[in-house]
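J.: Give the three-dimensional model of this entry:
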Amino acid sequence: MVWLVGALLLSWLAWGPAVLLVAAALLCVPRVRWWVEDRAHVERRVAGLAGAVVLALVALVLVVPDGWLPVPPAPGVLAGPSYVGRPATAHPAGPAPDAPANPHLAADDSTRPGPLGLQPEVDTSWFGLQRCGRLDATSAGTLVARCVDRSGPSLRLVDADTMRPVVSRDLPDAETCADADGLDTSYVDEADRVVVATRTREVRVVATRSAKGDPDLGTVTSWDLKPYVPYGDCLVAVAPDWSGRVWWASQQGLVGTIDPASGQVAVTDLGEDVRRGLATDDTGAYVVTDEALHRLVAGLGGGLQEVWRSEYDGASGSAPVLLDGGVVAVTDRVDARLGVLFLARDDGRHLCRQPVFEKDDGATDSPLAPLGTGVVVTNNDGYSSPRSTLLGFTSSPGMSRVDLVDGGCVVRWTSDAVSPGSGATPSWPNGLLYAWTKRPSLVGVSAWYLTAVDASSGRSMWSVRTGTGLLAGSDRSQVAVGADGTVWLGTLSGLVRVRDRTRS
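T.: As a prediction, the model looks like this:
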């Protein structure tokens, strides 16, 4: 009987839930069921011993520190391919962007070359049930992870080689901001410091190194915004402009700035709900609400001025992104169809709108991926939570690139890649887009992949399996590209690292 249970367990791990269905069907045959019952009665003591061993292993896992074990695979590790496609050849995605980078932000991931798919290695690090939705590499080689679990949000510094946390720090929690888990309310500045808007209506600047250069998460300074943001509201966005001024936005439509030198706070009320991040440039900020896109600047006296307000139909599912040629782009949803809207930055006039995907089959909660004069939008329609991708189910397929050409919108390509809860991250030097994708499965296996898509043609170049099961899903985490050609992503239970195999 022990050998039968072992064979069933191994088959289940290899091929997934379909094995249990076959086993259940066999038990419906009386002779098979009687035979199993007889053997189970004889070997009940052995089964009890096996159960005790399993409990001991579970107890051991619970006391092992985070990062010391890989993310456990779910059943179905042999039910799908581990790698498909072929390695890509590096080629720039196009002419270099015409605007310089923000001097008060860490290096942009899009400027870094990611893996090309040369026998890619996949490593995982188990953090229990903690999702690290945003990752950034510091100049010292450590990884900054902004994580959240049932106990609330936290910051972690992770050793990029061992994938183990070296320093962790809990952030203050508040129930009024529980629905902001999927929003990115932090950034890493040019000095490797994390600037984070907390759920308790304050903005903190947290260093990632001590005075001696050791990994550390000590608070450098903080600004309390409770006098400006009332109880029941929460901060949903924070970003620096090119002068170093810190912009922030609240869920109920308050937008403000903080002067880092003096700590002076300026605030204005848009009177419209804000559910997405904001974008900044050398003169001000762009904030998208449920009704319009706003252009704001800081006046000479420190107060905020609205330069223009441009209304659009339908609520936006993405934060605004800045493109070449003085253009800003957002998404909207009109007549049950998702679209990309391009606007002029100087006066907010609508340049063009391009519908993407099919009617009633397109929606997005993911950031737009900027590509010079265009963007790539990812279809998240059908994804509501990690449970919506259980047992091999997926959301609606689709990634589409829309460019602004001669004042009009052009769909460059549309891909059938399926990325349920994450957008795409471009790698400009390689000409690739990296997306966390999922393959549908008729046998009920949830297999997740890192997929590299050619930015020029939309062709899926290669995909490598990164895990199976619920814990391998990303749930709106963003793909990050490290300085050494490594791609990172936070799953529902830890970290995944993908890099090309080093040739000896």
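
J.: His155 reaches Val148, doesn't it?
T.: Small correction: residue 155 is Leu, not His. No: Leu155 is beyond contact range of Val148, at 10.6 Å (criterion: CB atoms under 8 Å). Quick note: C-beta positions are derived from backbone N, CA and C, even for glycine.

J.: Can you show me the helices along the chain?
T.: Assigned helices in the chain, in chain order: 2-15, 17-27, 30-42, 44-63 (criterion: DSSP state H).

J.: so what pLDDT did the closest residue to Thr468 other than its chain neighbours get?
T.: Residue nearest to Thr468 in three dimensions, not counting chain neighbours: Ala74, with 4.4 Å by CB to CB, 6 or more residues apart in numbering. For Ala74, the pLDDT comes out at 78.

J.: got it, and Asp365?
T.: pLDDT, Asp365: 86.

J.: what's it in contact with, if anything?
T.: By CB atoms under 8 Å, 6 or more residues apart in numbering, the residues touching Asp365 are Gly182, Gly317, Ser318, Asn380, Tyr383, Gly421, Arg476.

J.: Then Gln252?
T.: Pro230, Asp233, Asp273, Val274.

J.: how does it look with 6 Å?
T.: By CB atoms under 6 Å, 6 or more residues apart in numbering, the contact set of Gln252 is Asp233.

J.: can you check Val377 too?
T.: Val340, Val356, Thr364, Leu368, Ser400.

J.: Among those, which one has the most neighbours?
T.: Val340 (27 neighbours; other CB atoms under 10 Å).

J.: Chain neighbours aside, what residue packs nearest to Ala137?
T.: Nearest to Ala137 is Gly482, by CB to CB, 6+ apart, at 4.5 Å.

J.: Identify each buried residue in stretch 330-350, please.
T.: 330-333, 337-343, 345, 348 (16 or more other CB atoms under 10 Å).

J.: how near is the nearest residue to His91 once chain neighbours are set aside to Pro120?
T.: Nearest in space to His91, with sequence neighbours left out and distances taken as CB to CB, 6+ apart, is Gly431 at 4.5 Å. Distance of Gly431 to Pro120, computed by CB to CB, to the nearest Å: 17 Å.

J.: go on, Phe357?
T.: Separation of Phe357 from Pro120 (CB to CB) stands at 29 Å.

J.: Show me the strands in the stretch 351-500 of the chain, by range?
T.: Per DSSP state E, counting those that start in this stretch, the stretch 351-500 of the chain carries strands over the ranges 369-371, 374-378, 399-405, 408-415, 424-427, 432-439, 447-454, 460-468, 480-481, 487-491, 494-499.

J.: where does this structure have low pLDDT?
T.: In the predicted model of the chain, residues 1-63, 77-79, 96, 99, 175-184, 503-504 satisfy pLDDT under 70.

J.: how is it carved up into domains?
T.: Domain ranges of the chain: 2-63, 83-499, per automatic domain parsing.

J.: Indicate which one of the ones you listed is closest to Leu69.
T.: domain 83-499 (4.7 Å; CB to CB).

J.: So for that closest one, first residue to last residue, what's the gap.
T.: Length of domain 83-499, first residue to last, CA to CA, to the nearest Å: 13 Å.

J.: chain center to it, what's the gap?
T.: Put simply, domain 83-499 sits 7 Å off its chain's centre (CA atoms, centre = their mean, to the nearest Å).

J.: before we move on, back to that, counting neighbours, what do you get for the residue nearest to His91?
T.: For Gly431, using other CB under 10 Å, the count is 23.

J.: can you check Thr451 too?
T.: 28.

J.: Hmm, Thr437 and it touching each other?
T.: Yes: Thr451 is within contact range of Thr437, at 4.4 Å (criterion: CB atoms under 6 Å).

J.: Show me the common contact partners of these two, please.
T.: With CB under 6 Å, 6+ apart, Thr451 and Thr437 have common neighbours Ala417.

J.: Just the buried positions in stretch 304-313, please.
T.: Applying 16+ other CB under 10 Å to stretch 304-313 flags Leu304, Trp308, Arg309, Ser310, Tyr312 as buried.

J.: Please report how far Ser456 lies from Pro75.
T.: Taken as CB to CB, the span from Ser456 to Pro75 is 38 Å.

J.: next one: Asp136
T.: Asp136 is 34 Å from Pro75, by CB to CB.

J.: How about Val196?
T.: For Val196, the distance to Pro75 - CB to CB - is 38 Å.

J.: quick one on the thing from earlier: using CSV, lay out the domains of the chain together with distance to Leu69.
T.: Output for these, formatted as CSV (distance: least, CB to CB, whole Å):
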stretch, distance to Leu69
domain 2-63, 7
domain 83-499, 5
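
J.: Which stretch among those domains is buried most, on average?
T.: domain 83-499 (a mean of 19; mean count of other CB atoms under 10 Å).

J.: Which residue, neighbours along the chain excluded, lies closest to Val453?
T.: Leu433 (4.4 Å).

J.: Also Pro240?
T.: Nearest one to Pro240, counting by CB to CB, 6+ apart, is His104 at 4.1 Å.
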